[in-house]
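Colleague: Sequence below, structure please.
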Amino acid sequence: MAIYDAVVGRTTHPSVETVYTEVRRRFPGLSPATVYATLELYADLGLIQELSGPVRRYDGQASRHVNLVCQRCGRVIDVADRRLRALEQTVAARARFHVHAVRFELHGICPRCRRRPAARAKEV
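Modeller: I've put the predicted structure just below:
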């Protein structure tokens, strides 16, 4: 449950390392393998979402939303839109596809990084 609490209800989209570091303070005997396996299980059960990218990160927000992932700084911005469920249903019906999991992600450059030169943004 401590691993679950380290992800769900937060807007920080923590990495496996972040979750491990946080939970290990309370449970010093915890292994990284346990954190990886538990987060993977929660993602498979649909309790959390795994984000794609160079670092494995997790989203504890279960409702339909879009993750905007910055390719420079790694920041993830959540954007809710009530039309996502309708889009999902329309696309799945058109392809006669039964959906088990949903992940909406857009990758690009966030407004903060666009205001900075590319060389300085990589220093962050």
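Colleague: how about the helices in the chain?
Modeller: 2-5, 16-26, 32-44, 84-95, 111-114, 118-123 (DSSP state H).
Colleague: Which among those is found nearest to residue 52?
Modeller: With Cβ to Cβ as the measure, helix 32-44 is the member of these nearest residue 52 (11.8 Å). C-betas here are computed from N, CA, C, even on glycine.
Colleague: Identify all contacting residues around the closest one.
Modeller: Here helix 32-44 makes contact (Cβ atoms under 8 Å, 6 or more residues apart in numbering) with 3-4, 7, 16, 19-20, 23, 48-50, 58.
Colleague: ok, now stretch 63-73?
Modeller: By Cβ under 8 Å, 6+ apart, stretch 63-73 touches 13, 49, 51-53, 59, 75-81, 84-85, 88, 102-110, 112-113, 118, 121-122, 124.
Colleague: Quickly list the domain ranges of this protein.
Modeller: Residue ranges for the domains of the chain, per automatic domain parsing: 1-61, 63-124.
Colleague: ends of the shortest one, how far apart?
Modeller: Think domain 1-61. 16 Å (Cα to Cα, to the nearest Å).
Colleague: Now do it, average pLDDT.
Modeller: For domain 1-61, mean pLDDT is 93.
Colleague: Please state the offset of it from the chain centre?
Modeller: 10 Å (Cα atoms, centre = their mean, to the nearest Å).
Colleague: what pLDDT does the nearest residue to residue 85 once chain neighbours are set aside get?
Modeller: Spatial nearest neighbour of residue 85, excluding adjacent residues (Cβ to Cβ, 6 or more residues apart in numbering): residue 64 at 5.5 Å. We note a pLDDT of 87 for residue 64 in this prediction.
Colleague: Tell me, how many residues neighbour residue 105?
Modeller: Burial measure for residue 105: 14 neighbouring residues, criterion other Cβ atoms under 10 Å.
Colleague: does the residue nearest to it when sequence neighbours are not counted have beta-bridge partners, and which?
Modeller: Spatial nearest neighbour of residue 105, excluding adjacent residues (Cβ to Cβ, 6+ apart): residue 67 at 4.8 Å. In this entry, residue 67 is beta-bridged to residue 78, residue 105, by DSSP bridges.
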